[in-house]
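A.B. asks: the following comprises the amino acid sequence and a computationally predicted model.
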Amino acid sequence: MSDAEEKKLHNLSLLEAALYVAGRPLDINELRSVLTTRSKKKAEQLMEVLTEEYVARNTAMEILRLKDERYVMQVKSEFTPLIKRLVNRPLLSAGPLKTLSYIAYRQPITSKRVIEVRGQHAYGHVKLLKDMGLVATERNGRSIVLKTTDYFADYFGLTMDMTTMKRDLKRIFGEALKDEPQP
């Protein structure tokens, strides 16, 4: 095996390890950093090779190219229901998760409106979501406006484009959103 082939295999292994350890989407700059290269083109070409290798292997894992030049390694969706009982514990309990989903779909939304719809317990939910880096707050006069962060989009595998995110969330939540009071 030539030095160039060895280097390529090493770089593919580095990218695979980075995606596995991160457990979240990595952007092309993070992947360039792992490879210690300035070449965006080189990183993209290697990611394309790695993505194709995963398709050819036909295993339970996949590497997806997301919008905004990001890549993620994840379990294929058809295996999720079969293995979800093995997950230690969910990221969020039901209450904070419902508050987060309401904020994500209605964003930007005032904290006052979230409390009106979700109840007084939502104060604690919003604090938890802020502490976890899933929600950001911004002052707008006397109001506090809530919106999701880039980390939220990465963690849940959503695009950071608000219109597309809302469309994806509407598809995910479906009928449940129709029951919610409109702001």
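C.D. replies: Yes, it's here. Numbering: from 1, shown residues only.
A.B. asks: just checking, what packs against the one helix or strand residue 104 maps to?
C.D. replies: Secondary structure assignment for residue 104, by DSSP states H and E: helix 94-106. Contacts defined by 3 or more CB pairs under 8 Å, 6 or more residues apart in numbering; DSSP states H and E place helix 94-106 against helix 111-118, helix 122-131, strand 143-148, helix 162-173. C-betas here are computed from N, CA, C, even on glycine.
A.B. asks: list the buried residues in the helix ranked longest in the chain.
C.D. replies: Assignment by DSSP state H gives helix 3-22 as the longest helix of the chain. Buried positions in helix 3-22, judged by neighbour count with 16 or more other CB atoms under 10 Å: 11, 12, 14, 15, 16, 18, 19, 22.
A.B. asks: next secondary structure element downstream of it?
C.D. replies: Heading C-terminal from helix 3-22 (DSSP H and E), you reach strand 26-27.
A.B. asks: by contact count, what packs against that following strand?
C.D. replies: strand 70-75.
A.B. asks: contacts for the strand it packs on?
C.D. replies: Strand 70-75 has contacts (CB atoms under 8 Å, 6 or more residues apart in numbering) with 16, 19-20, 24-28, 31, 47, 51, 60-66, 83, 154, 157.
A.B. asks: out of these, which are buried?
C.D. replies: Buried, going by 16+ other CB under 10 Å: 16, 19, 24-26, 28, 31, 47, 51, 62-63, 66, 154, out of the contacts of strand 70-75.
A.B. asks: need the residues you listed in a markdown table with distance to residue 139, can you?
C.D. replies: Listed next are the buried ones among the contacts of strand 70-75 as a markdown table, based on distance: CB to CB, whole Å:
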| residue | distance to residue 139 |
| --- | --- |
| 16 | 43 |
| 19 | 37 |
| 24 | 29 |
| 25 | 30 |
| 26 | 32 |
| 28 | 33 |
| 31 | 36 |
| 47 | 39 |
| 51 | 42 |
| 62 | 41 |
| 63 | 40 |
| 66 | 31 |
| 154 | 25 |
